[in-house]
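Chemist: just need the structure, nothing else, for what follows:
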Amino acid sequence: MWVRKRLDIGWSDLASAVVNCLTPRRRAALVERLEKLWSPAEEAIACLSVRSGLDLWLSAVQLPPGSEVLVSAITIPDMLRIIRDHGLVPVPVDVDVEHLAIVPASLQRALTPRTRAILVAHLFGTRLPLEGVVRCCREHNLLLLEDCAQAFAGVGFTGHPEADVSLFSFGPIKTATALGGGLLRVRDLRILAEMRRLSAEQPRQSRAAYLRRLLKYSAMKLLSQRHLYGAVIRCWEGLGGDADHLVNGSVRGFAGPDFFRRIRRQPSAPLVALMHRQIARFHRQRLVTRAGKGQRLWEQLKGIVISPGSQCDEHSYWVFPVVVDDADRLIAALRAAGFDGSSAHSMCVVPPPADRPAVRAETAESILPRIVYLPFYRELPDGQLDRMAAVVRSVEMTCEPRRAEAPAASRHVLQPGGRT
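Modeler: Modelled structure (predicted):
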């Protein structure tokens with residue numbers, strides 16, 4: 001069975017990280033080297049995760065209690081949890097299906113005198129146009145936060161130049177994963193200095209804890225081999241287990257109790273070293289290849305299904321989601337054909353505040369429960385990609401009602417050297 005998602009890390013990278021766990025190195029020098037690689041202008045800070053970085057930034061900015069933070073409607077629950085913990089109110093702003101961009105009318109409807117910031121997420125490997133959001137922030141004196149956890153593209157893109165903070169993740173299923181870690185680019189150097197001060201007061205992730213993480217994901221990488229993975233899933237389901245619960249639960253970054261204690265830590269030296277290795281050795285051709293495969297798959301599916309973000313000018317296809325009416329039927333057909341399709345995910349739709357039901361994100365509420373993620377990564381052979389597309393077409397063309405065709409406007413695909 002073709003696994004739903006492969007860890008984007010090599011065995012030599014894992015071996016190097018294990019050695020670093022067993023060999024003491026000066027953490028301060030490693031952090032300085034990583035942050036300068038990410039931002040020669042010294043606007044970067046390394047964190048344990050994107051969650052840790054958002055928590056640090058909000059602690060440094062100190063927005064007035066009760067302030068509202070507008071959030072693009074599809075995000076992960078932990079981001080909302082952190083916003084609320086700082087006494088702030090998250091307010092949804094709806095997105096359109098084809099571009100996953102902020103809907104201007106929804107943005108205007110969400111604005112109030114209490115609004116202090118906007119948090120926009122680039123989803124599924126897309127990079128959204130932010131010009132309209134930037135203008136809104138200027139007009140209303142708002143801070144702009146940019147969640148780029150799913151949009152890593154190497155040091156050529158470290159965030160929109162007008163964003164007050166841009167957050168990048170190197171968690172387990174991300175591109176160029178370090179099995180943890182985050183990098184933030186912070187435009188206000190006074191805020192950055194305060195974040196550094198607050199971070200220095202936090203305990204450090206232990207080498208032992210990170211070594212256990214490396215060993216866990218090394219085992220997962222081994223088990224993700226096609227035939228072995230299929231055998232494990234069949235065995236697990238034969239024992240009455242749920243495959244989605246097994247796979248998704250195993251890659252959750254901060255599962256369990258004591259959430260804030262767990263995120264309020266500094267990254268260990270070996271984690272910092274692996275982040276640097278993954279970024280410094282990253283070749284954009286990897287994204288070009290992945291984007292080409294994404295375009296190949298989309299050309300066979302457009303008009304049959306809708307793929308959120310399919311019309312984005314910049315799309316590296318970190319994952320390949322499709323919106324369908326009968327997710328269970330499609331997943332069953334995919335798995336019968338040897339493809340581990342899944343509707344399981346860790347995202348949510350931002351709910352409206354109790355006193356503002358009119359700002360519901362209706363488009364996001366409509367599409368998120370109907371998304372199926374197709375197995376998709378650079379290593380998937382073109383022949384298997386085409387066979388999977390045929391399965392999707394066969395299922396969806398016999399479904400009633402037939403879905404509306406997605407717009408067929410042209411889309412730029414990543415090209416070598418960063419061109420689109």
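
Chemist: C-alpha from now on. contacts and neighbour counts both.
Modeler: Noted.

Chemist: can you report how many residues lie near the nearest residue to residue 26 once chain neighbours are set aside?
Modeler: Nearest in space to residue 26, with sequence neighbours left out and distances taken as CA to CA, 6 or more residues apart in numbering, is residue 269 at 7.4 Å. In terms of burial, residue 269 registers 25 neighbours under the definition other CA atoms under 10 Å.

Chemist: now do residue 265
Modeler: If you count neighbours by other CA under 10 Å, residue 265 ends up with 20.

Chemist: and it, how far is that from residue 55?
Modeler: The gap separating residue 265 from residue 55 is 11 Å, by CA to CA, to the nearest Å.

Chemist: re the thing from before, ok, the residue nearest to residue 26 - contacts?
Modeler: Residues counted as contacts of residue 269 (CA atoms under 8 Å, 6 or more residues apart in numbering) are 20, 21, 25, 26, 27, 30, 31, 207.

Chemist: contacting residues for residue 152?
Modeler: Taking CA under 8 Å, 6+ apart as the contact definition, residue 152 lies against 125, 168, 169, 175.

Chemist: tally of neighbours for the last one?
Modeler: Other residues within reach of residue 175 by the criterion other CA under 10 Å amount to 26.

Chemist: the longest strand along the chain - contacts with which helices or strands?
Modeler: Among the segments of the chain that qualify as a strand by DSSP state E, the longest is strand 115-121. Packed against strand 115-121 by the contact rule (3 or more CA pairs under 8 Å, 6 or more residues apart in numbering; DSSP states H and E) you find strand 68-72, strand 143-147.

Chemist: next up, the contacts around the residue nearest in space to the middle of the chain.
Modeler: The chain has residue 150 as the residue nearest its centroid, 3.1 Å off, counting by CA atoms, centre = their mean. With contacts defined as CA under 8 Å, 6+ apart, the neighbours of residue 150 are 122, 123, 124, 125, 126, 168, 169, 174, 175, 318.

Chemist: might one say that the fourth one is in contact with residue 151?
Modeler: To tie it back to what came earlier, the one meant is residue 125. Yes: between residue 125 and residue 151 there is a contact at 4.8 Å, judged by CA atoms under 8 Å.

Chemist: more neighbours: which of those two?
Modeler: Under the neighbour definition other CA under 10 Å, residue 125 and residue 151 were set side by side, and residue 151 has more, 28 against 25.

Chemist: can you give me the helices in the stretch 251-400 of the chain?
Modeler: Listed in chain order, the helices of the stretch 251-400 of the chain (DSSP state H, counting those that start in this stretch) span residues 259-263, 269-280, 285-301, 327-336, 362-367, 382-396.

Chemist: my bad, should have said the stretch 51-200 of the chain
Modeler: Using DSSP H, counting those that start in this stretch, the helices assigned to the stretch 51-200 of the chain run over residues 77-85, 104-110, 131-140, 189-200.

Chemist: any idea which of those gets closest to residue 376?
Modeler: Between residue 376 and the helices of the stretch 51-200 of the chain, the shortest separation by CA to CA is 24.4 Å, and it involves helix 77-85.

Chemist: and stretch 77-95, which residues are buried?
Modeler: Along stretch 77-95, the positions that meet the burial threshold by neighbour count (16 or more other CA atoms under 10 Å) are 79-84, 86, 88-95.

Chemist: do stretch 180-200 as well
Modeler: By neighbour count on 16+ other CA under 10 Å, the buried set for stretch 180-200 is 180-187, 191-192, 194-196, 199.

Chemist: returning to that earlier point: please enumerate the shared neighbours of residue 125 and residue 151.
Modeler: 316, 318.

Chemist: how does the chain divide into domains?
Modeler: In terms of domains, the chain is parsed into 11-200, 285-418 (source: automatic domain parsing).

Chemist: return the most buried member of those domains.
Modeler: Highest mean neighbour count among these (mean count of other CA atoms under 10 Å): domain 11-200, with a mean of 20.

Chemist: now do the strands in the stretch 101-250 of the chain.
Modeler: Using DSSP state E, counting those that start in this stretch, the strands found in the stretch 101-250 of the chain span residues 115-121, 126-127, 143-147, 165-169, 182-186.

Chemist: any chance of those strands in a markdown table, plus distance to residue 1 and mean pLDDT?
Modeler: Conversion of these to a markdown table gives the following (distance: least, CA to CA, whole Å; pLDDT from 0 to 100):
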| stretch | distance to residue 1 | mean pLDDT |
| --- | --- | --- |
| strand 115-121 | 32 | 98 |
| strand 126-127 | 27 | 95 |
| strand 143-147 | 32 | 98 |
| strand 165-169 | 28 | 98 |
| strand 182-186 | 32 | 98 |
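
Chemist: let's have those in TSV, adding distance to residue 63.
Modeler: Written out in TSV, the entries for those read as follows (distance: least, CA to CA, whole Å):
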stretch	distance to residue 63
strand 115-121	8
strand 126-127	27
strand 143-147	10
strand 165-169	15
strand 182-186	16
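
Chemist: where does the chain dip in pLDDT?
Modeler: Across the chain, residues meeting the criterion (pLDDT under 70) sit at 229-234, 236-239, 242-256, 400-420.

Chemist: give me that answer again for 90
Modeler: 1-5, 24-25, 129, 222-257, 344-346, 397-420 (pLDDT under 90).

Chemist: now render the buried residues of stretch 180-200 as CSV, adding distance to residue 5.
Modeler: Rendered in CSV, the data for those read as follows (distance: CA to CA, whole Å):
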residue, distance to residue 5
180, 17
181, 19
182, 20
183, 23
184, 25
185, 28
186, 31
187, 34
191, 37
192, 35
194, 37
195, 34
196, 34
199, 32
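
Chemist: between those residues, which sits nearest residue 346?
Modeler: Lowest distance from residue 346 to these (CA to CA) belongs to residue 180, with 16.2 Å.

Chemist: got a list of what the closest one touches?
Modeler: For residue 180, the contact set (CA under 8 Å, 6+ apart) comprises 48, 49, 169, 170, 171, 172, 253, 271.
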